[in-house]
Each structure stands twice: as structure tokens, then as C-alpha cells.
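In: coords please:
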Amino acid sequence: MDKSNYRDMWVHVEHDGKAVHPVSLELLCEIRKLCDQSGDALVAVVPGDVTESEQEKLLACGADKLILVSGTGYERYNTEAYSNLYTVLSRKYRPSAVFVGATVNGRDFAPHFAANLETGCTSDATELIYNPETKDIEFVEPAAGGKIMAVITIPVLRPQVGTIRPGTFKCVPTGKKEHVEIIREEVSFDPAAIRTRLLGYVANEFDPELDIANCETIVCVGSPVKEESLPKYRELAALLGGKLACTRPVVDRELLPYKLQVGQSGVMVKPKLYIGFGVSGAVNHVTGVDAEKFIAVNKDPAAPIFNYCDYGIVGDMDEVCDAMLAALKA
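Out: You can find the predicted model right below:
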């Protein structure tokens, strides 16, 4: 395979017909940086109909091209139609890389169409690096239970396909390009060939206390936390105008729900303030935190968490929490 025959980097735009999913905007902003290094065009691929105002959001992130795809089979998400769409378009335009948000839907169809094209698909990268010598994307992600950071490449095959978790990158629009190319494609898929059918839909009940992705202050408790101590940490979070979160061991103990789990295998967060109590500092946790101010509390002075924090407090987590509560109430 001659890699020089493959150009441009694509971002799959996920939407519900009304609004574009935030992960698509995050990816466009991040891939814009890679395209500036490689000389590739940044292409936003939009299956189905999306409003002009939402298209403007895509262009504000620096997209050079929009591929607007119409046709049958996209009335609701399904593996077959979306996988077929990217298989057909990739064979026609030969992109160098295709990036997909690691949502429930993205994780479903990305490896499927990659397999159709007989290329590789990586998942859950925390960093994307363009190598100017090899022309490859280096996908950096935690491995071996978060003990190491692995660098994965697809050195021979094209396109390079990767899924990226929502919240991994920041959405910082660089502005609309002076010249933007709009491409309209029709790629239809026979609805009769879709192997699933929608029987009904019931939206999940929304609990704002479980929505930590966009919270500005997070108080996170680690594995040493006691069940009877949880109320004081929840109170501290409330006094600071934030929410309570936790690490994976706390979820495994069934003390708090999965939606409050911070980290690569949970929710990626970007708060203004993060305070970790009894958090050890495993790579798969800290890579999920991008805080303006990072404070760590741990009784072990050698805990890895102190390598990442702005301020570290060596001490018993409950005692430090009590002291913070007393100071705030005073």
C-alpha cells in the first residue's frame, strides 16, 4: 500500500438531528492541530441532516471541508448503514485517518468499517501525535491496567482509524476558514438489510448529581474511603459548589455509581478545581483529569498522585476533610 495516495484527516460528526455531539467538536479542534503539522485537510463527515447553525459550529473548529451525506438508512443509528457509509466514502476519497468519538454508537461501527477496509482501529487514546518522518498518527493510551502508556501506530495500512473518548480533548474553536469546500454525497443503504429494528425508546432519567463531565469543582474519593464517611465528602463538594466523584475501586465496592467514576474507563473531566482524597494516582485515572488546579490528599508521601498535583497534602483523608469543612463553615 502506497501511503502517499491517502490524504486528509476525517472526523465523524455524531448528532441527533438537532445538535452535534460535543465529542465531534472536541475532535475537530484537536485534529486541526495535526492537520496543520501534516498539511492534510480537516474534513468533517456528517451523515444525515443537521441544521445550518450546527454546521457553522463545525466550520468554527477549523474544518476545511464538509462532506454532507444523504440517503436512506440513517433515520436512526444502526451498525450496517454507518459502517457502509464510511466504507464507501473511504474507498472513494482515500483519507489518511478517520477519527470517531468513542460513544456507544462510535465504538460500535468504527471497528466494523475498519475491518471492512482491512485496516487497523485503535481505541481510547489520551494523546494524538503526528510523526512527520513516518507520516503516521501515534495513538498514546494507558495499557496493562494503567501501569504503562502504550504508543500504537498503524504503519502500513490506511486509513488509520481511532476512537477517542468524549472529554479527552478541549473544544477550542480556531475560527472559520476563509475557503471551505462543501461536498454532497448520497450513500443509501437498504433498510431491509438492517438486522435490528427499533421496538421503542425510553430516555434515561436525568440526575444532575450524576452529571460530572462539565462540573467546575470535583471532590474525588479513592479506595480507602469508608462508607460512613461519604456524607462529609458530599458536603464538602456542595460547600465548594461542586460534586462528589470517585475512582474505580469505589465503584467496584458499590459505594458510588459508575457515572461518578473519573478516569479513562469512566468520565473524562476538566474542572477548575479537583481535590483527590485517598486517590493513589493510577495513570488511567489521572489521564482522565485536566484540572486548572489539582489538589491531592494522601497519607502516603510516595503516592504517585503527588507527581501530578499542583498542591499535595500528606495526611489522613478524613482528618483533612474535617479540617476543610470546619474552615469553610467558619
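In: show me what the helix or strand hosting Gly276 is packed against.
Out: With secondary structure defined by DSSP states H and E, Gly276 is part of strand 273-277. In terms of contacts (3 or more CB pairs under 8 Å, 6 or more residues apart in numbering; DSSP states H and E), strand 273-277 is packed against strand 217-221, strand 293-298, helix 317-329. For the C-beta atoms, the positions are set from N, CA and C on the backbone; glycine is no exception.
In: okay, the ones you listed in CSV with distance to Asn5 next?
Out: Listed next are these as CSV, based on distance: least, CB to CB, whole Å:
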stretch, distance to Asn5
strand 217-221, 46
strand 293-298, 45
helix 317-329, 56
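In: and those: which comes nearest Val187?
Out: strand 217-221 (42.0 Å; CB to CB).
In: so which bits of the following helix or strand past that closest one are buried?
Out: The helix or strand immediately downstream of strand 217-221 is helix 230-239, counting by DSSP H and E. Within helix 230-239, the residues scored as buried using 16 or more other CB atoms under 10 Å are Leu230, Tyr233, Arg234, Glu235, Leu236, Ala237.
In: and Lys293, what are its bridge partners?
Out: Lys293 has these beta-bridge partners by DSSP bridges: Leu273.
In: right, and it touches Leu240 too?
Out: No. Between Lys293 and Leu240 there is no contact under CB atoms under 8 Å: 11.5 Å.
In: more neighbours: these two, which one.
Out: Neighbours per residue (other CB atoms under 10 Å) separate Lys293 from Leu240, with Leu240 holding more: 16 against 13.
In: now do the same for the more buried one: its pLDDT.
Out: Note on Leu240: pLDDT of 95.
In: so who does the closest residue to it other than its chain neighbours touch?
Out: Ranked by CB to CB, 6 or more residues apart in numbering and with sequence neighbours excluded, the top spatial neighbour of Leu240 is Thr217, at 4.8 Å. Each residue near Thr217 by CB atoms under 8 Å, 6 or more residues apart in numbering is listed here: Ala237, Leu240, Gly241, Gly242, Lys243, Pro271, Lys272, Leu273, Tyr274.
In: how near is the fifth one to Leu260?
Out: Just to be clear, that refers to Lys243. For Lys243, the distance to Leu260 (CB to CB, to the nearest Å) stands at 8 Å.
In: what is in contact with those two at once?
Out: Ile212.
In: turn the helices and strands packed on strand 273-277 into a markdown table, columns for mean pLDDT.
Out: Below are those laid out as a markdown table (pLDDT from 0 to 100):
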| stretch | mean pLDDT |
| --- | --- |
| strand 217-221 | 96 |
| strand 293-298 | 96 |
| helix 317-329 | 95 |
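In: buried deepest among the ones you listed, which one?
Out: Across those, the average number of neighbours (mean count of other CB atoms under 10 Å) peaks for strand 217-221, which reaches a mean of 26.
In: can you dump the C-alpha atoms of that one in CSV for me?
Out: Provided in CSV are the C-alpha atoms of strand 217-221 (Å, rounded to 0.1, in the frame of the first residue of the first chain):
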residue,chain,number,x,y,z
THR,A,217,-15.4,21.6,41.1
ILE,A,218,-14.9,18.0,41.8
VAL,A,219,-14.2,16.3,45.1
CYS,A,220,-13.0,12.8,44.3
VAL,A,221,-12.6,9.9,46.8
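In: that one: how far from the chain's middle?
Out: 20 Å (CA atoms, centre = their mean, to the nearest Å).
In: ok, and for the lengthiest strand in the chain, which residues are buried?
Out: Secondary structure of the chain per DSSP state E: the longest strand is strand 136-143. Under the neighbour-count criterion of 16+ other CB under 10 Å, strand 136-143 has Asp136, Ile137, Glu138, Phe139, Val140, Glu141, Pro142 buried.
In: quickly list what the third one is bridged to.
Out: Meaning Glu138. In beta-bridge terms (that is, DSSP bridges), Glu138 pairs with Ile129.
In: hang on, isn't it packed against Ile129?
Out: Yes. Using CB under 8 Å, Glu138 is in contact with Ile129, at 4.1 Å.
In: one step back: and the longest strand of the chain, how far out from the chain middle?
Out: 14 Å.
In: which residues sit against that strand?
Out: Defining contact as CB under 8 Å, 6+ apart, one finds that strand 136-143 is touched by 34, 97, 122-131, 148-155, 160, 162, 264, 283-284, 287.
In: and for stretch 226-246?
Out: Contacts of stretch 226-246 (CB under 8 Å, 6+ apart): 209, 211-212, 215-222, 225, 255-256, 260-262, 267, 269, 271, 273, 275, 277, 318, 321-322, 324-325, 328-329.
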